[in-house]
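quick check, what structure comes out for this input:
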Amino acid sequence: MKLRIAEILKEMPVGKEVSVKGWVRTKRGNNAVNFIALNDGSIVHSIQVVADVAKFDENLLKNITTGACIAVSGELTTSLGKGQSVEIQANTIELLGTANPETYPLQKKGHSMEFLRTIAHLRPRTNYFGCVLRLRHALAFAIHNFFNSKGFVYIHTPIITGADCEGAGEMFEVTTLDVGNPPRTEQGNVDYSKDFFGKETHLTVSGQLNGELCAMALGNIYTFGPTFRAENSNTPRHLAEFWMIEPEMAFYELEDNMQLAEEFIKYCIKYALEHNLDDIRFLNDMFDNELLQRLMDTVDTEFVRLTYTQAIDILLQSGKKFEFKVEWGTDLQSEHERYLVENHFHKPVILIDYPKEIKAFYMKQNQDGKTVRAMDVLFPKIGEIIGGSQREENLEKLQQIIKERQMNEAELEFYLDTRRFGTAPHSGFGLGFERLMLFVTGMSNIRDVIPFPRTPQNADY
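Alright, predicted model coming up:
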């Protein structure tokens, strides 16, 4: 019976012949018997293979080293040893691939996260990265489950775009022109009319604008795809390529938006706890012994909601010296956000009504003329994990803010048309998938929750 190790440990078909294939974690033993810890990636736990030395070729057993790939068939029996409930008494072993112990870098010892980043092509074989990648799968599946259960339509928005959603200009250019000698206009500028798309294009920083267009016809939609930021930020919280979940909902106001965001993120965490508890327990035991409790607390608690102005007052009255100055009108830094959730409230916080100058052009303006109907969800150890807002549905106000920020209105005509023809209140938010992964895994560096991180001066693999 061919099974994966996760199925064997779950079904426990003791007394039956089983066949497994996987990679050797460790091998130990003596002249009479060898004990091989085998893992196939289906679960964090390995299964013990017991090999009677007399039954196997000496050279075969010699080449079964850490990292080697083998196929094993044998009887599944109850284990008398510590650390496992069942084991395989091997009848046949086939060596599928060797791993020279002198050159294989993942020997049985502790490896730093920094070292593992230098061998990102091999780190999925470690227990830690096996947990991370299974949790990425589980959370991605949970995201689709959640929105599908609520009748949302999954929209594939463009990766190549001619519009800058955030108005920040920190975008990767996409071109087929000869960058060493591009065609130029009479004014000396690059002539993008000769480019593949006939205009200047970039990798998208967000699918939001396209998502809004579809929400204005379908009601509730969501996107889930890669996004790109050309920010020269070498920090534990930034990537140049990351994944975003962005729902957009017609007829949702700010309160509806906050409610959906809280429900959504709790659903994802609960799903991971229910389906990947072994992975979370391993990470809890090995990296962050408060992880499991923190996840359960988040699912069971009601998020605090307060205004940006109230948050500024709390920070000013805290008596704490922050690295970055606290004053009304400036954006909150991670240290400010984490103080609110970790030291003051001891639970997640949703901040609303930010100053309009520090938020994106598309956010709905409040009647005070100073703030917008923005919302940020703040989490312990992370800071901001979700950013969103009620969108400005008033054409004149939207045109005015575009003019004030000296943005190219002509490039946004398609977006403004949704305000010209049947405008409606609507809202949405964005969740950086890797930020969610940081919270669920307990890790401190975002480069360790994505298989192949893209950062300044690094695009390996």
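
all helices of the stretch 151-300 of the chain, in order?
With DSSP state H, counting those that start in this stretch as the criterion, the stretch 151-300 of the chain has helices at 208-218, 254-275, 277-286, 291-300.

any idea which of those is most buried?
Greatest average neighbour count among those goes to helix 208-218 (a mean of 21), per mean count of other Cβ atoms under 10 Å. The C-beta positions use only the backbone N, C-alpha and C, and glycine is treated the same way.

can you tell me what sits against it?
If you take Cβ atoms under 8 Å, 6 or more residues apart in numbering as the criterion, helix 208-218 is touched by 153, 155, 157-158, 163, 165, 221-223, 246-250, 362, 391, 414-415, 418, 422, 424, 426, 428, 430.

just to revisit the earlier point, A410: which of the helices of the stretch 151-300 of the chain is closest?
A410 sits nearest to helix 208-218 of all those, at 14.6 Å, using Cβ to Cβ.

just the buried ones from the contacts of helix 208-218?
155, 157, 163, 165, 221-223, 246-250, 362, 391, 415, 418, 426, 428, 430 (16 or more other Cβ atoms under 10 Å).

next step: those restricted to strands.
I221, Y222, T223, E246, P247, E248, M249, A250, H426, G428, G430 (DSSP state E).

quick one: those as CSV, columns for distance to G383 and pLDDT too.
Compiled in CSV, those are given as follows (distance: Cβ to Cβ, whole Å; pLDDT from 0 to 100):
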residue, distance to G383, pLDDT
I221, 27, 98
Y222, 23, 98
T223, 23, 98
E246, 19, 98
P247, 21, 98
E248, 24, 98
M249, 25, 98
A250, 30, 98
H426, 27, 98
G428, 20, 98
G430, 15, 97
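
Q84 is nearest to which of the helices of the stretch 151-300 of the chain?
helix 277-286 (13.6 Å).

for that closest one, name the packing helices and strands.
Contact analysis of helix 277-286 by 3 or more Cβ pairs under 8 Å, 6 or more residues apart in numbering; DSSP states H and E lists helix 127-149, helix 291-300 as its packing neighbours.

and the ones you listed as TSV, adding distance to Q317 and mean pLDDT?
Formatted as TSV, the helices and strands packed on helix 277-286 follow (distance: least, Cβ to Cβ, whole Å; pLDDT from 0 to 100):
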stretch	distance to Q317	mean pLDDT
helix 127-149	37	98
helix 291-300	26	97
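
ok, which of those comes nearest T78?
Once these are compared by Cβ to Cβ, helix 127-149 is nearest, at 24.3 Å.

and the closest one, what does it pack onto?
Partner elements for helix 127-149 (3+ Cβ pairs under 8 Å, 6+ apart): strand 153-154, strand 220-228, helix 254-275, helix 277-286, helix 433-441.

out of the ones you listed, which is closest to G15?
helix 277-286 (24.5 Å).

as JSON lines, the helices and strands packed on helix 127-149 with distance to F379 would be great.
Output for those, formatted as JSON lines (distance: least, Cβ to Cβ, whole Å):
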{"stretch": "strand 153-154", "distance to F379": "25"}
{"stretch": "strand 220-228", "distance to F379": "20"}
{"stretch": "helix 254-275", "distance to F379": "8"}
{"stretch": "helix 277-286", "distance to F379": "16"}
{"stretch": "helix 433-441", "distance to F379": "6"}
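
would you mind writing the CA trace of stretch 48-59 as PDB?
Taking Å, rounded to 0.1, in the frame of the first residue of the first chain, the C-alpha atoms of stretch 48-59 are listed here in PDB:
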ATOM      1  CA  GLN A  48      11.400   5.600  11.500                       C
ATOM      2  CA  VAL A  49      12.600   2.900   9.200                       C
ATOM      3  CA  VAL A  50      14.200  -0.100  10.900                       C
ATOM      4  CA  ALA A  51      16.700  -1.900   8.600                       C
ATOM      5  CA  ASP A  52      18.200  -5.300   9.700                       C
ATOM      6  CA  VAL A  53      21.800  -4.900   8.600                       C
ATOM      7  CA  ALA A  54      22.000  -8.600   7.600                       C
ATOM      8  CA  LYS A  55      19.200  -8.200   5.100                       C
ATOM      9  CA  PHE A  56      20.800  -5.400   3.000                       C
ATOM     10  CA  ASP A  57      23.900  -4.800   1.000                       C
ATOM     11  CA  GLU A  58      26.600  -3.000   2.900                       C
ATOM     12  CA  ASN A  59      27.300  -0.500   0.200                       C
END
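
can you give the distance of it from its chain's centre?
43 Å (Cα atoms, centre = their mean, to the nearest Å).

flag every buried residue along it.
Q48, V49, V50, A51, F56.

got the contact list for it?
29, 31-38, 61, 72, 74, 79, 81, 83-84, 87-91, 93.

what sits against the nearest residue to I280 once chain neighbours are set aside?
In space, and not counting its chain neighbours, I280 is closest to L292: 5.9 Å by Cβ to Cβ, 6 or more residues apart in numbering. Going by Cβ under 8 Å, 6+ apart, L292 touches I280, R281, N284.

could you check stretch 180-191 and say which residues are buried?
V190.

sorry, back to before: which of the buried residues of stretch 48-59 sit farthest apart?
So, the buried residues of stretch 48-59 by Cβ to Cβ: farthest apart are Q48 and F56, at 16.0 Å.

where in the stretch 201-350 of the chain is pLDDT low?
Within the stretch 201-350 of the chain, no range satisfies pLDDT under 70.

for E94, which three-state class applies?
State at E94, reduced to three classes by DSSP: H, G, I helix; E, B strand; the rest coil: strand.

distance of it from E231?
49 Å (Cβ to Cβ, to the nearest Å).

neighbour-wise, which of those two wins?
Remark: of E94 and E231, E231 carries more neighbours, 16 against 11, as counted by other Cβ atoms under 10 Å.

now D40, nearest residue through space, not along the chain?
Nearest non-adjacent residue to D40 (Cβ to Cβ, 6+ apart): G22, at 3.4 Å.

secondary structure element holding the one you found?
Here G22, judged by DSSP states H and E, is contained in strand 17-29.

which helices and strands does that strand pack with?
Looks like strand 17-29 contacts helix 5-11, strand 33-39, strand 69-78, strand 86-97 (3+ Cβ pairs under 8 Å, 6+ apart).

tell me the most buried of those?
Note that of the helices and strands packed on strand 17-29, strand 33-39 is the most buried (mean count of other Cβ under 10 Å), with a mean of 20.

pairing partners for that strand, with directions?
If you go by DSSP bridges, strand 33-39 pairs up with strand 17-29 (antiparallel), strand 47-52 (antiparallel).

name the SS class of the residue nearest to L315 when sequence neighbours are not counted, please.
Nearest residue to L315 in three dimensions, chain neighbours excluded: V326, at 4.5 Å (Cβ to Cβ, 6+ apart). Judged by three-state DSSP, the three-state class of V326 is coil.

report how many residues lie close to F345.
17.

contacting residues for the closest residue to I47 other than its chain neighbours?
Leaving out its chain neighbours, the residue that sits closest to I47 by Cβ to Cβ, 6+ apart is I5, at 5.0 Å. Counting by Cβ under 8 Å, 6+ apart, I5 makes contact with V20, G22, L38, N39, D40, S42, I43, H45, S46, I47.
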